[in-house]
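S.K.: pasting the structure only:
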Ligand code: ATP
Ligand code: MG
């Protein structure tokens with residue numbers, strides 16, 4: 001707790017009760033609830049489908065203005081500012097410099113990068129009175145590259161990391177779950193510029209660790225996962241996934257190590273098994289042969305922009321098109337449509353590329369259906385009978401598979417992507433002609449990285465993880481207030497006087513206090529307090545005349561009676577124990 005006081009400094013007292021905010025502790029305001037704008041709701045709004053959305057609306061943290069567009073009310077904005085403060089500290093510590101770029105970005109820049117045409121309807125576009133087009137920033141690569149190319153041209157200034165916290169716009173097809181997928185949302189976006197790939201690797205590591213500290217400090221349960229660099233045309237990328245059942249992504253993680261990857265990226269380790277059976281001659285039979293999981297093989301057909309691809313794998317496994325795409329270094333892969341006539345899988349023809357999943361290496365008496373199940377091949381030895389060009393890892397990992405790092409077993413969890421780090425390379429610098437002069441005076445394209453955190457999404461992800469049926473339970477680092485001081489009956493003179501003196505004392509000690517001084521029924525006050533979810537509640541009730549109050553932790557709901565002269569100490573200890 002000493003550390004906390006050092007961090008916050010001393011509270012300053014403004015002895016004017018005309019203001020709701022009596023205390024300012026480095027911009028953090030203690031408040032009287034009677035004067036604060038916290039429009040809590042009793043009813044669950046019908047269109048709110050996730051816990052975070054419901055509770056943020058009900059607790060008076062946010063209000064919707066249009067689909068996917070929200071106002072952050074004073075409580076919600078306090079939490080946002082706390083997340084932002086943590087992000088700023090960690091980015092600054094990693095050597096990044098904050099700037100602020102406009103949300104309105106000239107269309108010419110998006111034409112230069114080629115994204116005006118490929119970004120699609122998610123990019124919000126508008127025209128000014130002179131007929132010039134603009135994009136509302138969905139992300140900032142174009143803008144930052146244009147700034148840097150005009151003003152950063154020597155290797156001596158590199159590496160450089162710049163970041164901003166700025167509202168972003170994406171006209172999402174399905175805005176949902178409140179702040180989790182908005183059309184207007186708050187993002188921290190950072191960009192790094194380098195003369196060498198090694199320098200990019202270093203910055204990537206540094207920012208990766210800064211992100212870990214950000215999410216640790218926010219009290220989020222998350223995994224940093226290997227992700228697919230896909231169409232963005234870069235190299236390495238990791239996503240930070242907050243674990244939550246409503247997440248849209250599936251994370252494959254080890255139950256015994258730090259290994260975690262997005263489902264489509266998790267490598268399957270080869271379980272070297274020698275075929276346990278002797279080979280038999282291949283047979284062709286009419287109809288569809290039944291076989292057990294260990295023997296059944298399936299054939300799946302795909303096309304890229306230029307070729308047809310046939311993939312063999314065990315029938316019990318699921319083919320992973322991202323792995324095929326990456327193996328063939330192509331940007332597009334899709335299943336052959338049903339109306340295309342398929343050749344017999346044993347005789348696909350010269351032009352077809354034939355790949356097999358590693359899992360077939362140990363099969364020698366396979367059973368494979370021919371076209372439309374009219375025939376079956378029995379005793380298929382893939383190496384002997386199928387025209388396989390290469391064995392590769394082409395299937396989705398499964399729960400129960402060994403972890404690729406050799407430690408533990410794979411489990412699945414659902415994740416919400418709260419951040420991403422990405423090695424962009426020279427994609428934007430080449431397209432937009434952003435060069436620097438190296439030590440020999442030669443012009444080279446800048447090597448870039450980009451790094452995003454969804455701030456409003458992080459807030460929601462925390463709510464998904466930290467709540468119960470009656471409201472939010474904020475981790476203490478982000479709680480809008482440390483303490484909710486509740487006067488059960490403000491018409492009672494003892495209760496009012498004691499509450500007032502405690503409020504001033506606690507504020508002066510550096511605690512951030514919300515004082516419920518409203519003349520509401522106790523039931524209403526307690527329900528609101530549960531909804532708002534401050535880590536600690538102090539209840540001033542019947543024993544006020546004896547200088548005794550109740551102290552409760554929102555997370556555990558444990559209540560103890562405390563003599564007010566021991567309250568400081570008790571609050572400090574309880575807060576220490578809070579998550
Ligand atoms: P998603 O796959 O969820 O659409 P993305 O990968 O397109 O997200 P990025 O371009 O990586 O998103 O943006 C950086 C961060 O911004 C994301 O990690 C996420 O936390 C946040 N973010 C992206 N889209 C939204 C949105 N519509 N609403 C709120 N936050 C978002
Ligand atoms: Mg992303």
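M.R.: Thanks, I have it. Only a predicted model underlies this, so the values are computations on that prediction, with no experimental measurement involved. Ligands and ions are numbered 1, 2, ... in the order given.

S.K.: going forward, measure contacts between C-alpha atoms and count neighbours the same way
M.R.: Noted.

S.K.: how's the chain carved up into domains?
M.R.: Residue ranges for the domains of the chain, per automatic domain parsing: 2-32+470-577, 62-218+425-463, 283-392.

S.K.: Could you give the average pLDDT over the second one?
M.R.: What it means is domain 62-218+425-463. Mean pLDDT, domain 62-218+425-463: 97.

S.K.: Is there proximity between that domain and ligand 1?
M.R.: Yes. Applying C-alpha under 6 Å from any ligand atom, one finds domain 62-218+425-463 in contact with ligand 1 at 179, 180, 181, 182, 183, 185, 187, 452, 453, 454, 457.

S.K.: Just put the residues you listed in CSV and tack on neighbour count and secondary structure.
M.R.: Output for these, formatted as CSV (neighbours: other C-alpha atoms under 10 Å; DSSP: H, G, I helix; E, B strand; the rest coil):
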residue, neighbour count, secondary structure
179, 27, helix
180, 26, helix
181, 20, strand
182, 23, coil
183, 24, coil
185, 21, strand
187, 24, strand
452, 22, strand
453, 24, strand
454, 23, strand
457, 24, helix
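
S.K.: Looking at those residues, spot the one nearest residue 371.
M.R.: Of all the residues of domain 62-218+425-463 next to ligand 1, residue 371 sits closest to residue 181, with 43.2 Å by C-alpha to C-alpha.

S.K.: Which strand or helix spans the spatially most central residue of the chain?
M.R.: Nearest residue to the geometric centre of the chain (C-alpha atoms, centre = their mean): residue 418, 1.6 Å. Residue 418 belongs to strand 410-425 when assigned by DSSP states H and E.

S.K.: Which helix or strand lies directly C-terminal to that strand?
M.R.: helix 427-431.

S.K.: Buried residues in that next one, which are they?
M.R.: Along helix 427-431, these residues count as buried under the neighbour rule (16 or more other C-alpha atoms under 10 Å): 427, 428, 429.

S.K.: now it: how far from the chain's centre is it?
M.R.: Mean-position distance between helix 427-431 and its chain equals 27 Å (C-alpha atoms, centre = their mean, to the nearest Å).

S.K.: now swap in stretch 242-254 and tell me
M.R.: Here stretch 242-254 is found 10 Å from its chain centre; the criterion is C-alpha atoms, centre = their mean.

S.K.: ok, and does it reach over to ligand 1?
M.R.: No. Stretch 242-254 does not reach ligand 1 (C-alpha under 6 Å from any ligand atom); its nearest approach is 8.0 Å.

S.K.: Quick one, which of the domains of the chain gets closest to residue 271.
M.R.: Nearest to residue 271 among those is domain 283-392; the distance by C-alpha to C-alpha comes to 7.8 Å.

S.K.: separation between residue 510 and ligand 1?
M.R.: For residue 510, the distance to ligand 1 equals 32 Å [C-alpha to the nearest ligand atom, to the nearest Å].

S.K.: got the phi/psi numbers for residue 449?
M.R.: Phi and psi for residue 449, reported as degrees, to the nearest 10, are phi -130, psi 160.

S.K.: And the one 10 residues further on, by the same measure?
M.R.: Main-chain dihedrals, residue 459, degrees, to the nearest 10: phi -60, psi -50.

S.K.: From what I see, it and residue 78 are in contact.
M.R.: No. With contact defined as C-alpha atoms under 8 Å, residue 459 does not reach residue 78; the gap is 11.0 Å.

S.K.: centre of the chain versus whichever strand or helix holds residue 215, how much separation?
M.R.: Per DSSP H and E: residue 215 is located in helix 197-217. Relative to its chain's centre, helix 197-217 lies at 16 Å (C-alpha atoms, centre = their mean).

S.K.: List the buried residues in stretch 192-209.
M.R.: Buried-residue list, stretch 192-209, by 16+ other C-alpha under 10 Å: 192, 193, 194, 195, 196, 199, 200, 203, 204, 206, 207, 208.

S.K.: With stretch 455-466 instead?
M.R.: For stretch 455-466, burial by neighbour count (16+ other C-alpha under 10 Å) applies to 455, 456, 457, 458, 459, 460, 461, 462, 463, 464, 465, 466.

S.K.: so what's residue 285 bridging to?
M.R.: residue 376 (DSSP bridges).

S.K.: Residue 298 too?
M.R.: residue 313.

S.K.: Check what pLDDT it gets.
M.R.: Predicted confidence (pLDDT) for residue 298: 94.

S.K.: same deal with residue 8?
M.R.: pLDDT, read off for residue 8, is 36.

S.K.: Give me the three-state assignment for residue 71.
M.R.: strand (DSSP: H, G, I helix; E, B strand; the rest coil).

S.K.: got the contact list for the residue of the chain positioned farthest from its centre?
M.R.: Largest separation from the mean C-alpha position in the chain: residue 281, at 52.9 Å (C-alpha atoms, centre = their mean). Neighbour list for residue 281: residue 379 [criterion: C-alpha atoms under 8 Å, 6 or more residues apart in numbering].
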